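Novice: I'd like to go over a predicted model; first the sequence, then the structure.
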Amino acid sequence: MRRYMASGALVLALVWIGSTLVPRGNPGAFDLASFGRLPVLADGRIKPMDTVARTSLLMLQGRQRLAAADGRALTPEEWLLDVLFRPEVADAYRIFRIDNSEVLSLFGLGAGESAGQVRFSFAQLQSGLPELDRQAQLAGPVDAAARTSFQRAVVELREHLEYYGRLKYSLQTPDGFDLSAVLDDPGRLAAGRPGFETMEAFSLLRAIPPPAPSARLDEWQSMGRSLLRALPAGAVDRPVRFYAAIGRAWKAGQAADFNAAVGAYRADLSPRFAPLLRRCSLESLFNQAEPFFTSLVLYVAAFLLAVASWLKWPAELGRAAFRLMTVAFLLATAGIVARMWLEGRPPVTNLYSSALFIGWGSVALCLVLERLNRNAVASSAGSLIGFGTLVIAHNLSLSGDTLEMMRAVLDSNFWLSTHVVTVTTGYASTFLAGFLAIIYIVRGVFSRTLDRPTADSLAGMVYGIVCFATLFSFVGTVLGGIWADQSWGRFWGWDPKENGALIIVLWNAVILHCRWGGLVRQRGLMCLAVFGNIVTAWSWFGTNMLGVGLHSYGFTNAAFQGLVAFVALQLAVIGVAAIPRAKWRSAALAGPA
Amino acid sequence: MPMPRPNPFALFTSLRLTVVLLLLSIMLVFAATLDQVHLGVWGVQEKYFRSFFVFGHVPGTGFLFPVFPGGFLLGGVLIVNLVAAHLYRFRFAWNKLGIWLTHAGLILLLVGEGLSGMLQQDHQMRIDVGQTRRYSESFRETELAIVETTHPGYDDVVAIPAALLAAGAPIQHPMLPFLVKPVAFFPNAMLRTRSQAPGGPPSVATAGEGADIVATPIPLTTKPDEANWPTGYVELAGPEGSQGTFLVSTMLQQPEAFAYQGRTWRLALRARRDYLPFTITLLKFTHDIYPGTDIPRDFASTIRLRSDDGRDDREIRIFMNSPLRFGGRAFYQAGYANNDRTTVLQVVRNPSWRIPYVSCALIALGLAGQFGIHLLAFFRRRPGAPPGNRAAAAAPGMASSPPSP
């Protein structure tokens, strides 16, 4: 039994991963999967409907799961189709997450029937919209950084409602004009003009592709614009007809018609847009497989196995942990590569992808360390960081599409792939040193498992990783300086993010000099490395929270409390390390170290 | 290892000092980062980095006292520390080459930053489509320009830095037949017409537009999207007495015109100008966004550059991440205004801009080399390696050269 544990864990993990890659069938008669792979232009890039549905749900309600009023689970595609074609049904779905109780009281919600709820439907919010508008106007002129939590929540909800409205009028007019019946009757079509104008002004999706593939994305049109251009001559674009047919079939609940319309549209597109359709299909598969979620669960399993291996069956459990971490790592690698391919960019382009990459880099280093030491220490640190960074990434994905477009100044694949990747590797390794140090302290103080050889091996790892971190954070920071010199005219501008990176370099230099100078021994080295976690977290997130500087591109509210808690935890660990050696449960360390 | 020679610089050679300096630097950088919310990035640089001491003041009074070492002091002592350590403590050895390179690069980096702090000038050029310019304007410094327009063929310009107006002493310039007496100077002020502010105090100005304007001093702003409007009053006095007190402000669009002894002048407070030995004409400005969003995709200025010596006359496209370097200056696409009809170029003059490149290459090389040596030692020390090697590599890198306490 024990002998097969590692292989068994590996096989289970692979089977599970395989199951996520099998395209999921449609829950009913409607071919939702094919609809989900249709391409549209939104947020400056072409993506499948599936991505629109999932990122919208994540942004509005913080999760992809959704249930209708009767408790039936909805797929993201079903929800999107209802929003696009059956607004009266969609308005009843509870998809607006509101956590702020003062905002709830604006709508008279949060008490009585709705007490304890956090998600509300558009219908529930509708009566309070004028007051919300007024509050949003009051909050508007206040600096984003100076807003109270109420004001932030008001502004955010206002943005979410606007987003929902824009999505809703992407393929239908606000006045319920029945498009499919009048497409071939120019006279009656013209009656829809006011509605088309609203659609042109507001629609979130540009769903109508140009007649032939073009590098110029702005040739993709909104449905409203396409209809307005068709009005004088009466020649309606073919994609408009297909969407009208899809909409009619969805409204009427006729699966056969729906599937025929979706199929016909795909067949119409495929001779001209074959590569695009392929990319959208892959993105849809990627969305559905959720490789980062699978990877996250595997990291948890690996961590538990690694910790268990210190107590019992070190060889077998340690090997199982290592294999699971390897699988999770390979899966995350595949996910990152898929994102790079979809985006045509280096791995790190925004805060979200920096979280993925920091985890990836740390785990890569841990795989090497574990091969060298085989004591499950690096496995546990790596899987813990892998898990933590994926949780952070998940929370960052709540702000919208994570494959967002790059602002002009960041639009340089050369610098993104050199500076950003290097400095992120620097972050990753500084974190890794800190987590290894936490393992040293926690195991040493609270368990008897930290014997002299393990302690020395940990100390060696921390020291080596700090050297590595110094090199990468320095080179990364310098490359950032060179980029800044190339694009802004100064090598160093004391911008908060630059300062954060500089502090990491300086802190690593402090650790190295303290060790070289004999100012600290093993325990001191560990405390300094744990403090490195605080320094890195500050640079990664804290600097963005100041709301000043050229790098303040990724601010998130909820992150602040997380940061404070993280810092407190690190300080607590350092405090624990300050307990006199004689009181540590691992007695082997009591002697001179 | 031989006994270290006693030396008079023991303090400066110590590794403890290095660590203390690094820690102080971290604290300085951290405090400066936080203070950016209040002071803005330029204010922070003056207060924390381009200074020998960071000053604080006793609450409730204007009394200033140093509370923390500033960037120049920390950088300077760090250089002394490094040089002293290398002179007295380190002995050159090939396996320490990495450390030598790293420290040499670091010294160069600190010197370069110091030089940049002293030498770098940041200007901007705002050019409308079709317009030709031959000067750049300072972001933060202003000057009082007194332009004699008597001669139809040319102007004579006397430019007085605003700092002299703030100092308050009368200024006599050989090209001017009158004395310029600064009466008051405000680094930032709000200007309103008398009709907008009927209750305002009477104007100090006795001549020109300023007599009808109420100027109220307001605190300096550091917000990136707000500008300061330096404003002052200057009195012009000839031998026969005062010729009037004028209001000057960067907020006033039109210069004041006046005549004296049959000659005519224009008077204006404006951004300090740096005249270039070439002209730049803006031919075209483009500003692309991603369709369906307001995320900027690209800004680009197509300009024509003509040098006075006639050797350069060509078209150049300046866009994000692709500046023009010419005439000892670098021109960056910084912004746009006026419905995309005006481009804003940032003009940076920094004779020491190459130093960081060299120093960083040295440091990167040094770190990579030194840690490479450590890594080799680590692999030799691993279980399974011959025991002799394990002992030899037990104290990797610099640990084999303990500092003299």
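Specialist: Thanks, I have the structure now.
Novice: for chain B, what are the nearby residues on the stretch 101-250 of chain A?
Specialist: A:145, A:204, A:206, A:217, A:218, A:220, A:222 (C-beta under 8 Å from any C-beta of the partner chain). All C-beta spots, glycine's among them, are computed from the backbone N, C-alpha and C.
Novice: ok, now with 7 Å
Specialist: A:206, A:217, A:218, A:220 (C-beta under 7 Å from any C-beta of the partner chain).
Novice: got the contact list for the closest residue in space to the second one that isn't next to it in sequence?
Specialist: The one in question is residue A:217. For residue A:217, ignoring the flanking residues on the chain, the nearest one in space by C-beta to C-beta, 6 or more residues apart in numbering or on different chains is residue B:291 at 4.9 Å. Residues counted as contacts of residue B:291 (C-beta atoms under 7 Å, 6 or more residues apart in numbering or on different chains) are A:41, A:44, A:206, A:217, A:218, A:220.
Novice: give me the phi and psi for the second one.
Specialist: Put plainly, it is residue A:44. phi 80, psi 10 (degrees, to the nearest 10).
Novice: if we can go back for a sec, which one of the contacts of residue B:291 is nearest to residue A:334?
Specialist: Nearest to residue A:334 among the contacts of residue B:291 is residue A:44, at 25.7 Å by C-beta to C-beta.
Novice: pLDDT wise, what is the residue nearest to that closest one when sequence neighbours are not counted at?
Specialist: Leaving out its chain neighbours, the residue that sits closest to residue A:44 by C-beta to C-beta, 6+ apart is residue B:290, at 2.8 Å. pLDDT, residue B:290: 79.
Novice: how many other residues sit next to residue B:290?
Specialist: By other C-beta atoms under 10 Å in any protein chain shown, the residues close to residue B:290 number 21.
Novice: check contacts around it.
Specialist: Counting by C-beta under 7 Å, 6+ apart, residue B:290 touches A:44, A:405, B:297.
Novice: pick the one among these closest to residue A:515.
Specialist: residue A:405 (44.4 Å).
Novice: check contacts around the nearest residue to that closest one once chain neighbours are set aside.
Specialist: Excluding the flanking residues, the one nearest residue A:405 by C-beta to C-beta, 6+ apart is residue A:44, at 4.0 Å. Counting by C-beta under 7 Å, 6+ apart, residue A:44 touches A:405, B:290, B:291, B:292, B:293, B:295.
Novice: then residue B:233?
Specialist: Counting by C-beta under 7 Å, 6+ apart, the residues that residue B:233 touches are B:183, B:184, B:204, B:205, B:245, B:247.
Novice: remind me, longest helix of chain B?
Specialist: If you go by DSSP state H, chain B has its longest helix at helix B:15-44.
Novice: can you find the helix or strand in chain A with the smallest mean pLDDT?
Specialist: Every helix and strand in chain A was compared by mean pLDDT, DSSP states H and E; the lowest is helix A:413-415, with a mean of 72.
Novice: the helix or strand that comes right after that helix close to chain B?
Specialist: Next helix or strand after helix A:413-415 toward the C-terminus (DSSP states H and E): helix A:421-446. No. Helix A:421-446 stays clear of chain B (C-beta under 7 Å from any C-beta), getting no nearer than 10.1 Å.
Novice: is chain B within reach of the next helix or strand after helix A:421-446?
Specialist: With elements assigned by DSSP H and E, the helix or strand that comes after helix A:421-446 is helix A:452-487. Yes. Using C-beta under 7 Å from any C-beta, helix A:452-487 comes into contact with chain B via A:460, A:464, A:467-468, A:470-471, A:474-475, A:478, A:481-482, A:485-487.
Novice: now stretch A:328-343
Specialist: No. Stretch A:328-343 stays clear of chain B (C-beta under 7 Å from any C-beta), getting no nearer than 13.2 Å.
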